[in-house]
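Student: Here is a sequence with its predicted model. Questions after.
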Amino acid sequence: MSNSPERYDPAAVESRWQQRWEDDRVFEVSEDPDREKYYLLEMFPYPSGRIHMGHVRNYSIGDVAARIKRMSGFNVLHPMGWDAFGMPAENAAIANNTHPAKWTYENIDYMTQQLKQLGFSYDWTREFATCDPSYYRWEQLVFLQMWEKGLVYRKRSLVNWCEDCQTVLANEQVVNGLCWRCNNEPEQKRLDGYFFKITDYAEELLEWIDKLDGWPERVLTMQRNWIGKSYGAEIHFPILERGGVIKVFTTRADTLFGASFMSLAPEHPLALELSQGSEQEQPVKDFIDRVRRQSLADRADEKLKEGVFTGAYCENPMTGLKMPVYVANFVLMDYGTGAVMAVPTHDQRDFEFATEYGLPLLEVIVGPEGPVGAENMPEAFVDYGTLVNSGKYDGMDSKEGMRAIAAELEERGLGSETVNYRLRDWGISRQRYWGAPIPMVHCDQCGLVPVKESDLPVELPLDATLPETGGSPLPGLDEWVNTSCPSCGEGAKRETDTMDTFVESSWYFDRYACPDYDQGPLDPERTDYWMAVDQYIGGIEHAVLHLLYSRFYTKVLRDLGQLKVDEPFINMLTQGMVIKDGAKMSKSKGNVVDPNDMVERYGADTVRLFMLFAAPPEKDLEWSDQGVEGASRFLQRLWRLGLAVADEAQGVEAYAGGAQLAGPLAQLHAKTHDTIKRVTADAVNAMQYNTAIARVMELVNAISLAQQDESLAGDKNREAVLREAVEAAVILISPMAPHIADELWRRLGHGNYLIDQPWPAYDESALVKDEKLVVVQVGGKVRSKLTMAADADDAALEAAALSDEKVQKFIDGKAIKKVIVVQGKLVNIVV
RNA sequence: GGGAGCGUGGUGGAACUGGUAUACACGCUGGCCUUAGGAGCCAGUGCCUUGCGCAUGGGGGUUCGAAUCCCCCCGCUCCCACCA
């Protein structure tokens, strides 16, 4: 190759094209009923301060998909914005003596520049931050509408409370049982809070999982498990003497005849109540206090089954057995009813508990080998089987027995078949400052009153000073808190809780369709056009939280008449993590590679190309400095080749058929079209960008060889075929490395942006070759390869294979049993 | 304990509905060019006992033919986890 006079200078080329794209508003889109829309979205970032490699990977993958769809003729919506409320802003504000808003908006400015330097094809006119009142005012409106429909309620529940920080901690913020900020041990506290009734949608959320066939099975499984639907029965156990019943949920109503005691969760209201006035009152109190003092993590780790007798008894509705009621540490208040009918013979936990406390064991289910006797059981028999010691149900199969027993209970008014969900309502209250205020007012006369819609937004006051102690300043802001009651007009106080930031991220994708709409949350016309998101891309860590909340919120908006879609995301790609030295990049591990450094050193195209090439999108990606070098080398190679061909083929049109090609030029032409075909299959249809890039590399290798092939000098088709091949390579790599591609495209004499260039079609006839390679196997092992005329039939292949010299060696003197010929490409001789 | 997934050269990874295992790249080796090179070019690179050889974690099976399908085992990762 001739020495290229011009070295590739990524910094100059990239900023030049970024400027042109911006000046010409290349990525701005609007609704166009005549074109098919495609909505591509990556999970928006939290403005933490700097873009990290995980962002770069996420947005590089998305950008390739967006650019390809655009080139394929779709009207592509590809927006970007900021998930801007949240605790880090509060902590940073305290640490740096600044205000969360200032910190957040400064970060947004900086990160916006970073994203622009990476050359992503966003329509920046749609950008917004969720901390802007023009965004959260509509969230408050939806909140009020949900309140009206009964989809929001307020209740008292147990939360993790850090006394030092004066705030509630989310479960994720309790690290190793300690507060993540001050390392104090949080305590359990009862607190009032608002809840979204996601459980009302449990069934629909579950049903739709089966229809989300563009989602990874892994995510769907996690959501299914999270919703946790199980079929069973609710059974009422009458409480002796006191009256009333204890309700339990069980999936094993067939074991009811074996229930010999009752276990209550320590938080169960009956736990204290039943022991009141008895000599067990104090021991029960002590036990509950002790268990409650354990952090949630410790309690989950506790393997020892412990409990205490309440002094009360209930009655087994089938056997009439007097069952002692215990409080037990392994019973969860938030699953089922918080009470468990204990069947020690057929549940391992109950078995351990009964053994410890000397409670009766009754064998009621037997396996094929028949009864073993409860006293002989080394552990619980938990399989299904045949009922024994179960009155008229003796001899019945377990599954039949469950239904029959539930039916009898229902008849007697003591229970029924039922369905239980693990899913719990979504607690959205945060005792935090940097969030969207919950638009409610507390009035001494009227109680809890929603703010009038006309008074929205309830703006978060920005003149607050965050207390050093970490609590929210809102309750102390008298002039903000004190208001008048929307109902009676008397003095009242504002709600000082703010909303969980997951509420903002549950509908931001809708708002991108109409970010400037001021008549309501969503412009029906524009959301109808753009929604749902055709392809969503983000980390697996949101498999349940954000992706489940968004699905729920979409259905709520639909039921409020704000939206017409049932599901927000048609296709979902969960990209893998960026790993270095075997661990996820993180400050604490000290293995962070800063994107800025890499972009400065190699350019954005190189960084993007490396991240796309080094692993398939859904798998984890191991960072490799040498791999980045490799990507850089490839682009430099493409650059030199592109310039050389632009020079040599100046004024020559790209080969477009017609003239007969032979030898290496015919091969290069075929390779060009084969590459288009395969890159289309990998990148357009499968998002397999790693293999798509490998194909382009192969093509570039082939072009390089042909360009240096002296035997082609003087061939009248040389320049035309080289141009065709180089232009194909440039177009095909442009979604991954858009800057260098546009620059080369310009230098090859074109005036348009590659994003406006139609995705190339391949010519099937160019792929037809005169010859084909036939693999010859003997007994399934490859023994020879034959080059045959393309039109040779199976009989000819067989004959040629049998007479092949190398094959002869292996079949010599052996009887040929069978010859298998596979569609003109393989012959297998069985001896 | 329950669920999901994975295991291919020195490394990241290819291999379409079973049909040339190891594409592409990194690394390494040798050579060329160069004042120099984190530059470029060329050649080589699964393993070995070099052959009817062996090889996709191990073992078995189905098949003319298995990385791919089935069974058992080993190892790793992720999610949920005392779920009644």
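Tutor: Nice, thanks for sending it over.
Student: Extract the residue ranges of chain A that are flagged as low pLDDT.
Tutor: For chain A, residues meeting the criterion pLDDT under 70 lie at A:1-5, A:165-166, A:169-183, A:295-298.
Student: 50 - rerun?
Tutor: Scanning chain A for pLDDT under 50 picks out A:1-4.
Student: what does the longest helix anywhere in it rub up against?
Tutor: Criterion DSSP state H: the longest helix present in chain A is helix A:625-648. Applying CB atoms under 8 Å, 6 or more residues apart in numbering, the contact partners of helix A:625-648 are A:1-2, A:4, A:6, A:8, A:598, A:602-603, A:605-607, A:609-610, A:613-614, A:697, A:700, A:703-704, A:707, A:719, A:722-723, A:726, A:729-730, A:733, A:737, A:740, A:744, A:747-749. C-betas here are computed from N, CA, C, even on glycine.
Student: which parts of the stretch 201-350 of chain A sit against RNA strand B?
Tutor: Contacts of the stretch 201-350 of chain A with RNA strand B, taken as CB under 7 Å from any atom of the strand, map to A:217-218, A:221-222, A:225-226, A:228, A:230, A:232, A:248-252, A:265, A:299-300, A:302-305, A:329-333, A:335-338, A:340-341, A:347, A:349.
Student: Regarding residue A:573, what is its secondary structure?
Tutor: Following DSSP: H, G, I helix; E, B strand; the rest coil, the label given to residue A:573 is strand.
Student: number of nearby residues for it?
Tutor: Using other CB atoms under 10 Å, residue A:573 has 21 neighbouring residues.
Student: In space, what's closest to it - neighbours in sequence excluded?
Tutor: For residue A:573, ignoring the flanking residues on the chain, the nearest one in space by CB to CB, 6 or more residues apart in numbering is residue A:537 at 4.7 Å.
Student: cool, residue A:279 as well?
Tutor: Leaving out its chain neighbours, the residue that sits closest to residue A:279 by CB to CB, 6+ apart is residue A:311, at 6.8 Å.
Student: Tell me the spacing between the one you found and RNA strand B.
Tutor: 22 Å (CB to the nearest atom of the strand, to the nearest Å).
Student: Could you do residue A:800 as well?
Tutor: Separation of residue A:800 from RNA strand B (CB to the nearest atom of the strand): 16 Å.
Student: Likewise for residue A:16?
Tutor: Residue A:16 is 22 Å from RNA strand B, where distance means CB to the nearest atom of the strand.
Student: doesn't that residue fall inside a strand?
Tutor: No - read with three-state DSSP, residue A:16 is helix and lies in no strand.
Student: Report the spatially nearest residue to it, omitting neighbours in sequence.
Tutor: Closest to residue A:16 by CB to CB, 6+ apart is residue A:743, at 7.6 Å.
Student: residues in contact with the one you found?
Tutor: Residue A:743 makes contact with A:13, A:16-17, according to CB under 8 Å, 6+ apart.
Student: Can you lay out these as CSV showing neighbour count and distance to residue A:353?
Tutor: Putting the contacts of residue A:743 into CSV (neighbours: other CB atoms under 10 Å; distance: CB to CB, whole Å) gives the following:
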residue, neighbour count, distance to residue A:353
A:13, 19, 71
A:16, 15, 73
A:17, 22, 70
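Student: how about the residues of the stretch 451-600 of chain A near RNA strand B?
Tutor: A:540, A:543-544.
Student: Let's see the PyMOL selection covering just the buried ones among the residues of the stretch 201-350 of chain A next to RNA strand B.
Tutor: Selecting the buried subset of these in PyMOL, with 16 or more other CB atoms under 10 Å as the burial test, is done by:
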select buried, chain A and resi 222+226+232+248+249+250+252+265+299+305+329+330+331+333+335+336+337+338+340+341+347+349
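Student: Okay, and which of the residues of the stretch 201-350 of chain A next to RNA strand B map to helices?
Tutor: Judged by DSSP H, these include A:217-218, A:221-222, A:225-226, A:299-300, A:349 as members of helices.
Student: biggest separation within the residues you listed, which pair?
Tutor: Greatest spacing in those, by CB to CB: A:217 and A:299 (32.3 Å).
Student: Now the residue in the stretch 651-800 of chain A that RNA strand B sits nearest to: closest residue in space that isn't a chain neighbour?
Tutor: Closest contact between the stretch 651-800 of chain A and RNA strand B, by CB to the nearest atom of the strand, is at residue A:780 (2.5 Å). Of all residues not flanking residue A:780 in the chain, residue A:828 sits nearest, at 6.3 Å (CB to CB, 6+ apart).
Student: For the one you found, I want the exact helix or strand it lies within.
Tutor: Per DSSP states H and E: residue A:828 is located in strand A:826-830.
Student: Report all helices and strands that that strand contacts.
Tutor: Using 3 or more CB pairs under 8 Å, 6 or more residues apart in numbering; DSSP states H and E, the elements in contact with strand A:826-830 are strand A:771-778, helix A:794-803, strand A:818-822.
Student: so who does residue A:533 touch?
Tutor: By CB under 8 Å, 6+ apart, the residues touching residue A:533 are A:39-41, A:509, A:568-570.
Student: Which of those residues are buried? Put it as a PyMOL command.
Tutor: Buried subset of the contacts of residue A:533, written as a PyMOL selection, criterion 16+ other CB under 10 Å:
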select buried, chain A and resi 39+40+41+509+568+569+570
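Student: how about the contacts of residue A:533 in JSON lines, adding secondary structure?
Tutor: Converted to JSON lines, the contacts of residue A:533 look like this (three-state DSSP):
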{"residue": "A:39", "secondary structure": "strand"}
{"residue": "A:40", "secondary structure": "strand"}
{"residue": "A:41", "secondary structure": "strand"}
{"residue": "A:509", "secondary structure": "helix"}
{"residue": "A:568", "secondary structure": "coil"}
{"residue": "A:569", "secondary structure": "strand"}
{"residue": "A:570", "secondary structure": "strand"}
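Student: Show me which pair in the contacts of residue A:533 is furthest apart.
Tutor: The largest separation in the contacts of residue A:533, counting by CB to CB, is between A:40 and A:568 at 13.4 Å.
Student: By neighbour count, which of the residues of the stretch 451-600 of chain A next to RNA strand B wins?
Tutor: Most neighbours among these, by other CB under 10 Å: residue A:543, with 21 neighbours.
Student: With that, I have no additional questions.
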